[in-house]
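**Q** Structure for the following, please:
(one chain, ligands or ions: 1)
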Amino acid sequence: MLGFCLAEPGDYVAREGEPVDGLYIILDGQAEVSASANAEEANRPDYVLNKYDYFGYGTNSSDHQVNVVALSKLTCFILPNQYGYLLQPKTIWNAEETPEHSLLEKILHLEPLEVDIFRGFTLPEGPMFRQVFGGQLIGQALAAASKTVDCLKMVHSLHAIFLVAGDNNMPIIYQVHRARDGSSFATRKVEAKQKGLVIFTLIASFQKEEVGFEHQAAIMPDVPPPEQLLNLEEIRERRLTDPRFPTQYRNLAAKKKFTPWPIEMRFCEDSASQHKPSLNYWFRARGKLSDDQALHRCVVAYASDLLYSGVSLNPHREKGLKTYSLSLDHSIWFHKPVKADDWLLYVIESPSAHGGRGFVTGRMFNRQGELIMSLTQEALIRREKTRGPNPRPKL
Ligand SMILES: CCCCC/C=C\C/C=C\CCCCCCCC(=O)SCCNC(=O)CCNC(=O)[C@H](O)C(C)(C)COP(=O)(O)OP(=O)(O)OC[C@H]1O[C@@H](n2cnc3c(N)ncnc32)[C@H](O)[C@@H]1OP(=O)(O)O
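**A** Reported below is the predicted structural model:
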């Protein structure tokens, strides 16, 4: 528990050699630090601690190295040792390969190259498409922007444009431009480059927590809870073993290289509703994510592009149809804090498809029915041109 310490003049607040039990912050009064009498320390002058000075947790030793004695009536706030981690500088993702850590932290990990310049990679363990996955660009660019913003400010909106298909086989350089740092808001522009060419841009706005007007008009649809639904891998498993599918189809499907996505998804409707221009599914990050809101926002941003624009193709799906689809732009508004390793319901609708472009809107709710995020995207949706193997990225 957090606590306070009240001391009278002459009281010892810390004694040399006794275990450090927390970080003490002086809220009122003065205290004197007196060094021990050993030879080396004896020459060190005593000094006085004033309001907002602190001592205790964070020194290199688990025992006090000095005495701290109240010079006047003293009030200290105590942050116990178990909360010391709050004072540690946090990376917004963890690249360490611990089995329980989410692959997403590795995917979103960036190497700092220079001030405001970072390098990201496309990992073979992650979902791989013919070009760099749009969600990866959004997540990594947001991670780069977040690293340059005061940690009290959180992203509340972002707008991204996909200019050129990225090459999975080369690193991506993220250059952050600090557009503005205000007292409540900060704005960042990020350019993602490969071979010197800008392939993607992001503009993101960050805000300090603020109390204000509140309402929520959006209502979470009534859908089964995730525990009652199958995930993508289970659906695939069923298809492989379901005798109603032709053996040839099952054999082909079994031969296809299959890498589970770092995002687990559970679909609320069965395949009969696949022709509706809408889709509801629960999703969450696989594995454990570090407790860092900036990271959780990067993770949902990443996940938000996985099964999204495809919904605008739903009414047009027919046997043998091969489509060519690419995200063109993507916007997100974060209304409330998000926990990406807990279930979120993604409610997607496509109000329009026209002129080779499909438009989708999305809302994400947490299990309590709170609207956490709103999203929009436009994507190129065409019939696939018949041609040779996958076209090479245009870099
Ligand atoms: C309910 C249960 C559901 C279960 C679902 C289960 C599984 C689902 C499985 C998978 C889903 C995966 C979903 C992943 C979604 C991923 C979304 C993305 O990540 S998209 C990546 C991000 N976006 C981009 O990279 C776009 C970057 N921008 C561009 O590439 C360009 O700006 C452009 C949009 C292409 C426009 O460029 P340009 O003006 O030059 O356009 P062109 O029309 O000239 O085309 C250029 C070039 O594109 C190729 N192309 C175009 N049209 C077609 C087509 N119809 N067929 C094939 N290829 C096409 C082609 O190379 C063109 O070059 P060329 O002129 O030589 O023909």
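
**Q** which bits of this protein sit near the ligand?
**A** Within the chain, the positions adjacent to the ligand are 129, 131, 133-134, 162-165, 267, 274, 305-307, 310, 324, 326-328, 380, 382-385, 391 by Cβ under 6 Å from any ligand atom. Using the backbone N, CA and C atoms, a C-beta is placed for each residue, glycine as well.

**Q** if we go to 5 Å?
**A** 131, 133-134, 162, 165, 324, 326-327, 380, 382, 384-385, 391 (Cβ under 5 Å from any ligand atom).

**Q** so which of those is the most crowded?
**A** When neighbours are counted by other Cβ atoms under 10 Å, residue 134 leads those with 27 neighbours.

**Q** what's it sitting at in phi/psi?
**A** phi -60, psi -40 (degrees, to the nearest 10).

**Q** That one is in contact with residue 330, isn't it?
**A** Yes: counting by Cβ atoms under 8 Å, residue 134 does reach residue 330; the two are 6.6 Å apart.

**Q** Now do the shared contacts for those two.
**A** 160, 162, 305 (Cβ atoms under 8 Å, 6 or more residues apart in numbering).

**Q** Going by neighbour count, which residues in whatever helix or strand the first one lives in are buried?
**A** To tie it back to what came earlier, the one meant is residue 160. Assigned by DSSP states H and E, residue 160 belongs to strand 153-162. Residues of strand 153-162 classed as buried: 153-158, 160, 162 (neighbour count, 16 or more other Cβ atoms under 10 Å).

**Q** Residue 24: neighbouring residues, count only.
**A** Around residue 24 there are 24 residues (other Cβ under 10 Å).

**Q** residue ranges with poor pLDDT in the stretch 151-300 of the chain?
**A** Flagging of the stretch 151-300 of the chain using pLDDT under 70 yields the residue ranges 271-273.

**Q** again, 90 this time
**A** 151, 230-260, 269-275, 288 (pLDDT under 90).

**Q** pretty sure residue 375 contacts residue 347?
**A** No: applying Cβ under 8 Å as the test, residue 375 and residue 347 come out as separate, 10.0 Å apart.

**Q** Helices of this structure, residue ranges please.
**A** 39-42, 103-107, 134-146, 232-241, 247-255, 293-303 (DSSP state H).

**Q** Once you drop chain neighbours, what's closest to residue 265?
**A** residue 283 (4.7 Å; Cβ to Cβ, 6 or more residues apart in numbering).

**Q** how about the residues of the chain next to the ligand, which pair is most distant?
**A** Spanning the widest gap among the residues of the chain next to the ligand are 133 and 385, at 21.6 Å by Cβ to Cβ.

**Q** Report the closest residue of the stretch 1-150 of the chain relative to the ligand.
**A** Nearest residue of the stretch 1-150 of the chain to the ligand: residue 134, at 3.3 Å (Cβ to the nearest ligand atom).

**Q** list the contacts for that residue?
**A** 160, 162, 305, 326-327, 330.

**Q** at 10 Å instead, please
**A** 160, 162, 165-166, 200, 302, 304-306, 308-309, 326-330, 377, 379 (Cβ atoms under 10 Å, 6 or more residues apart in numbering).

**Q** if I look at the residue of the stretch 151-300 of the chain found nearest the ligand, how far off is residue 227?
**A** Of all residues in the stretch 151-300 of the chain, residue 162 sits closest to the ligand, with a separation of 3.5 Å (Cβ to the nearest ligand atom). The gap separating residue 162 from residue 227 is 35 Å, by Cβ to Cβ, to the nearest Å.

**Q** How about residue 321?
**A** From residue 321 to residue 227 the distance is 34 Å (Cβ to Cβ).

**Q** now do residue 209
**A** Distance from residue 209 to residue 227, by Cβ to Cβ: 32 Å.

**Q** So residue 289 is in contact with residue 102, correct?
**A** Yes: because the distance of 5.1 Å satisfies Cβ atoms under 10 Å, residue 289 is recorded as touching residue 102.

**Q** The residue of the stretch 151-300 of the chain closest to the ligand against residue 199, yeah?
**A** Yes: counting by Cβ under 10 Å, residue 199 is a contact partner of residue 162 at 7.6 Å.

**Q** residues shared between the contacts of those two?
**A** 131-132, 137, 192.

**Q** Please, a ChimeraX command that selects the buried ones among those?
**A** The following ChimeraX line selects those of those that are buried, judged by 16+ other Cβ under 10 Å:
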select :131,132,137,192
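
**Q** Output the shared contacts of residue 162 and residue 199 as a markdown table; include the columns distance to residue 338.
**A** Listed next are those as a markdown table, based on distance: Cβ to Cβ, whole Å:
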| residue | distance to residue 338 |
| --- | --- |
| 131 | 27 |
| 132 | 24 |
| 137 | 19 |
| 192 | 23 |
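
**Q** Next step: the shared contacts of residue 162 and residue 199 restricted to strands.
**A** When the shared contacts of residue 162 and residue 199 are checked against strands (DSSP state E), the matches are residue 192.

**Q** between the shared contacts of residue 162 and residue 199, which is nearest residue 293?
**A** Distances from residue 293 to the shared contacts of residue 162 and residue 199, taken by Cβ to Cβ, are shortest for residue 137, at 21.0 Å.
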